[in-house]
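> mind folding the following:
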Amino acid sequence: MLCPKCRFGNEEGDSYCRRCGTDLTVPSTSLVTIQNRTPSLLQNPQLPRFAAGVGAVAVGVGIELVRRGLMARVMPPAKPPRPVSNTLPALNRLRDVLFPQNDKQFKLPKNYEIEETVVYMRRIIRRKQ
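Model prediction:
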């Protein structure tokens, strides 16, 4: 409540003014109760920092989306991937062995036949324990 003499803001339960000592128990029409209604922003100082962080992230995402859109328009279209056989010549030769492209029939002498076998060997050398 305000002191009627010096207008100092005292608490509700005070009997005397803290500044001038005036008796506050005397009923007066000039006494006004004070209510503490500070805005919530002053009570929570982290809110502006959080809002600034969220805004910065939103701006960053927007800039990245614009950059990707511009880069997609500027860059030439992607080339189709090359087949693996062109990348590794050993696989190309293996393909020729496993899947021959020429359908020529060999002329074999009588009582002869062709038998094909593919052999794969893997050698692992380890130290004995």
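
> neighbours of the residue lying closest to Arg18 once chain neighbours are set aside, how many?
Of all residues not flanking Arg18 in the chain, Asn10 sits nearest, at 5.8 Å (C-beta to C-beta, 6 or more residues apart in numbering). Every C-beta, even on glycine, is put in place using the N, C-alpha and C of the backbone. Residues near Asn10, counting by other C-beta atoms under 10 Å, number 19.

> can you check what pLDDT the model gives Asn10?
On the pLDDT scale, Asn10 is placed at 82.

> just use 399 as the starting number from now, easier for me
Okay, residue one is now 399; in that scheme the one you just asked about reads as Asn408.

> check contacts around it.
Met399, Leu400, Cys401, Cys415, Arg416, Leu422 (C-beta atoms under 8 Å, 6 or more residues apart in numbering).

> now list the buried members of these.
In the contacts of Asn408, burial by neighbour count holds for Met399, Leu400, Cys401, Cys415, Leu422, counting by 16 or more other C-beta atoms under 10 Å.

> secondary structure and pLDDT added to those residues, as a markdown table?
Below are the buried ones among the contacts of Asn408 laid out as a markdown table (DSSP: H, G, I helix; E, B strand; the rest coil; pLDDT from 0 to 100):
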| residue | secondary structure | pLDDT |
| --- | --- | --- |
| Met399 | coil | 71 |
| Leu400 | strand | 80 |
| Cys401 | coil | 83 |
| Cys415 | coil | 87 |
| Leu422 | coil | 80 |
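
> can you put these in a markdown table and add distance to Pro474?
Formatted as a markdown table, the buried ones among the contacts of Asn408 follow (distance: C-beta to C-beta, whole Å):
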| residue | distance to Pro474 |
| --- | --- |
| Met399 | 78 |
| Leu400 | 77 |
| Cys401 | 81 |
| Cys415 | 83 |
| Leu422 | 84 |
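
> buried set for stretch 414-428?
Using 16+ other C-beta under 10 Å as the test for burial, stretch 414-428 gives Cys415, Leu422.

> would you put the C-alpha positions of it in PDB?
Output of stretch 414-428 as PDB, limited to C-alpha atoms (Å, rounded to 0.1, in the frame of the first residue of the first chain):
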ATOM      1  CA  TYR A 414       4.000   2.300   9.900                       C
ATOM      2  CA  CYS A 415       5.600   3.700   6.700                       C
ATOM      3  CA  ARG A 416       9.200   2.500   6.300                       C
ATOM      4  CA  ARG A 417      10.300   5.800   5.000                       C
ATOM      5  CA  CYS A 418       8.600   8.500   7.000                       C
ATOM      6  CA  GLY A 419       7.000   6.600   9.900                       C
ATOM      7  CA  THR A 420       3.400   7.700   9.300                       C
ATOM      8  CA  ASP A 421       0.800   5.500  10.900                       C
ATOM      9  CA  LEU A 422      -0.700   3.300   8.100                       C
ATOM     10  CA  THR A 423      -3.500   1.900  10.300                       C
ATOM     11  CA  VAL A 424      -5.600   5.100  10.200                       C
ATOM     12  CA  PRO A 425      -8.200   4.600   7.500                       C
ATOM     13  CA  SER A 426      -7.600   6.900   4.600                       C
ATOM     14  CA  THR A 427      -9.100   7.300   1.200                       C
ATOM     15  CA  SER A 428      -5.600   7.800  -0.300                       C
END
